[in-house]
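>>> What follows is a protein structure lacking sequence information:
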């Protein structure tokens, strides 16, 4: 999963948390039914938001590591004993072919129409303020 601050609510707390995190991300190499990155403008080898992107080379326990940021470089220097220079490795041939499953723009338009829906008012009246909804919707910025 790639965490991106593009288009999200940028609070002081989110920005500080993201600055303290190190994002080690694995590229999508298997086409599974749950993968939908191409439907939301991504791709199986997307580097956005990553400090290091690992791409597994077919059926081997060897990964191509793309060092993308200064934080990633610092980790690579510490773990240099585990890293080998694979200058000829081409990650594209190892990435999954992920078909587009839905139109992100159409879904966004539909959700925008329901943002002020009566159903949300009815649900909010039953709210106990426990925060359990954040486990179901991890993108929620209510808390």
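It's in. Keep in mind it's a predicted model, so treat the numbers as computed, not measured.

>>> Surely residue 47 and residue 64 touch.
No: counting by Cβ atoms under 8 Å, no contact exists between residue 47 and residue 64, whose distance comes to 11.7 Å. In this view, the C-beta of every residue, glycine as well, is placed from N, C-alpha and C.

>>> Specify the residue positioned farthest from the middle of this protein.
The outermost residue of the chain relative to its centre, with distances by Cα atoms, centre = their mean, is residue 125 at 32.6 Å.

>>> in what helix or strand does residue 55 lie?
Assessed by DSSP states H and E, residue 55 sits inside strand 52-56.

>>> any idea of the mean pLDDT in that strand?
Model confidence over strand 52-56 averages 89 on the pLDDT scale.

>>> same check, this time on stretch 83-92
For stretch 83-92, the mean confidence score works out to 70.

>>> end-to-end on it?
20 Å (Cα to Cα, to the nearest Å).

>>> Repeat that for stretch 112-126.
Per Cα to Cα, stretch 112-126 runs 23 Å from first to last residue.

>>> what residue ranges in the protein are flagged as low confidence?
Using pLDDT under 70 as the threshold, the predicted model of the chain has low-confidence ranges 1-10, 59, 84-88, 138-143.

>>> mind listing the helices for it?
Here the chain has its helices, by DSSP state H, at 12-20, 70-78, 104-114, 118-125, 133-136.

>>> what would those helices look like in a markdown table with distance to residue 34?
Below are the helices of the chain laid out as a markdown table (distance: least, Cβ to Cβ, whole Å):
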| stretch | distance to residue 34 |
| --- | --- |
| helix 12-20 | 25 |
| helix 70-78 | 27 |
| helix 104-114 | 16 |
| helix 118-125 | 27 |
| helix 133-136 | 17 |
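
>>> any idea which of those helices is most buried?
For the helices of the chain, average neighbour numbers computed from mean count of other Cβ atoms under 10 Å are highest in helix 70-78, which has a mean of 13.

>>> now for it, which elements pack on it?
The elements that helix 70-78 packs onto, with contact taken as 3 or more Cβ pairs under 8 Å, 6 or more residues apart in numbering; DSSP states H and E, are strand 52-56, strand 63-67.

>>> With respect to residue 30, which of those strands lies nearest?
Each of the helices and strands packed on helix 70-78 was checked against residue 30 via Cβ to Cβ, and the shortest separation belongs to strand 52-56, namely 9.2 Å.
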